[in-house]
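# show me how the following folds:
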Amino acid sequence: MASHPNLECRMYEARYPEVDMAVMIQVKNIADMGAYVSLLEYNNIEGMILFSELSRRRIRSVSSLIKVGRIEPVMVLRVDKEKGYIDLSKRRVSEEDIQACEERYNKSKLVHSIMRHVAETMGIDLEDLYIHVGWPLYRKYGHAFEAFKIVVTDPDTVLNTLTREVKELGPDGQEVTKVVAALSEEVKDALVKNIRRRMTPQPLKIRADIEMKCFQFDGVLHIKDAIFGS
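Modelled structure (predicted):
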């Protein structure tokens, strides 16, 4: 086991977002040409929003449109994987994109925080946990959050299908590849415990005062009927 597990990792399998995808960013600093931002779902890699991509209208004041520290969805315009440049736009992101991105990010953030806590407490690399658990669940369920929701009541159905390949030396000294469970029992228990703690719905108590009036002469009886049924 690594003495200092690596706890830095992007949330999704792809290292970079796709063009025309809405992503969640945090504004880091404002420069001459535009704003430098961190892509929160991609382990904080850097992107840039040019001032011309801030608004559809004429910009009177940049500071009213973008502030350091703010977290918001923007649209991906260009990705240069060789140089690591990512150009982003605030003005091209639609209301639907914003809503979908916020929903996805909130789910991904919860998954990430559970995964990170398990990796830290069990002393394993976060990326390793994503490779063998998180990303296969994203692929199978559309989002790992949906899989985690099922884990709350039925962990085995979701987690027992996950496997990893290990290489071993066979009796004849030749290397053989074996398929084993992706998770040790200890890591699986820790994951299930954390998911249950963070995702079990809390019972809600709702209280309300209702006022009812009835102007017929035996109104009390009518109200009683309305509440309790005749």
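
# so the protein: which segments form each domain?
As given by the TED database, the domain ranges for the chain are 21-93, 103-199.

# between those, which gets nearest to Met212?
Relative to Met212, the nearest member of the domains of the chain by C-beta to C-beta is domain 103-199, separated by 38.9 Å. C-beta: built from backbone N, CA, C; applies to glycine.

# need the domains of the chain in CSV with mean pLDDT, mean neighbour count and distance to Leu221, can you?
Putting the domains of the chain into CSV (pLDDT from 0 to 100; neighbours: other C-beta atoms under 10 Å; distance: least, C-beta to C-beta, whole Å) gives the following:
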stretch, mean pLDDT, mean neighbour count, distance to Leu221
domain 21-93, 92, 16, 57
domain 103-199, 94, 16, 46
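
# how about the ones you listed, which one is nearest Ile223?
Smallest distance to Ile223 across these (C-beta to C-beta): 41.6 Å, for domain 103-199.

# for Lys178, name its beta-bridge partners.
Val166 (DSSP bridges).

# likewise for Ile49?
Ala35, Leu88.

# longest helix of this protein?
helix 95-122 (DSSP state H).

# which helices and strands does the helix or strand following that helix pack with?
For helix 95-122, the following helix or strand on the C-terminal side (DSSP states H and E) is helix 126-129. Contacts defined by 3 or more C-beta pairs under 8 Å, 6 or more residues apart in numbering; DSSP states H and E place helix 126-129 against helix 95-122.

# now do the helix it packs on: which elements does it pack against?
Applying 3+ C-beta pairs under 8 Å, 6+ apart, one finds that helix 95-122 contacts strand 22-30, strand 71-80, helix 126-129, helix 144-151, helix 185-199.

# in JSON lines: those, plus distance to Glu41.
Compiled in JSON lines, the helices and strands packed on helix 95-122 are given as follows (distance: least, C-beta to C-beta, whole Å):
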{"stretch": "strand 22-30", "distance to Glu41": "6"}
{"stretch": "strand 71-80", "distance to Glu41": "10"}
{"stretch": "helix 126-129", "distance to Glu41": "14"}
{"stretch": "helix 144-151", "distance to Glu41": "13"}
{"stretch": "helix 185-199", "distance to Glu41": "19"}
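
# to Lys205, which of those lies closest?
For Lys205, the closest of those is helix 185-199, at 20.0 Å, according to C-beta to C-beta.

# ok, and what's touching the closest one?
For helix 185-199, contacts defined as C-beta atoms under 8 Å, 6 or more residues apart in numbering pick out 110, 113-114, 117-118, 121-122, 124, 129, 133, 148-149, 151-152, 155, 159, 183.

# change it to 7 Å
Contacts with helix 185-199, where a contact means C-beta atoms under 7 Å, 6 or more residues apart in numbering, come from 110, 114, 117-118, 121-122, 124, 148-149, 151-152, 155, 159, 183.

# measure how that helix sits relative to helix 95-122, angle-wise.
140 degrees (axes from the mean of the first three to the mean of the last three C-alpha atoms, to 10 degrees).

# using CSV, write down the CA coordinates of helix 185-199.
The C-alpha trace of helix 185-199 is given here as CSV (Å, rounded to 0.1, in the frame of the first residue of the first chain):
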residue,chain,number,x,y,z
GLU,A,185,-13.9,-6.7,1.5
GLU,A,186,-12.4,-3.9,3.7
VAL,A,187,-12.6,-1.3,1.0
LYS,A,188,-16.1,-2.5,-0.1
ASP,A,189,-17.3,-2.1,3.5
ALA,A,190,-15.8,1.3,3.8
LEU,A,191,-17.4,2.4,0.6
VAL,A,192,-20.9,1.0,1.5
LYS,A,193,-20.7,2.6,4.9
ASN,A,194,-19.8,6.0,3.5
ILE,A,195,-22.5,5.8,0.8
ARG,A,196,-25.1,4.9,3.3
ARG,A,197,-24.0,7.7,5.7
ARG,A,198,-24.1,10.4,3.0
MET,A,199,-27.0,9.2,0.8
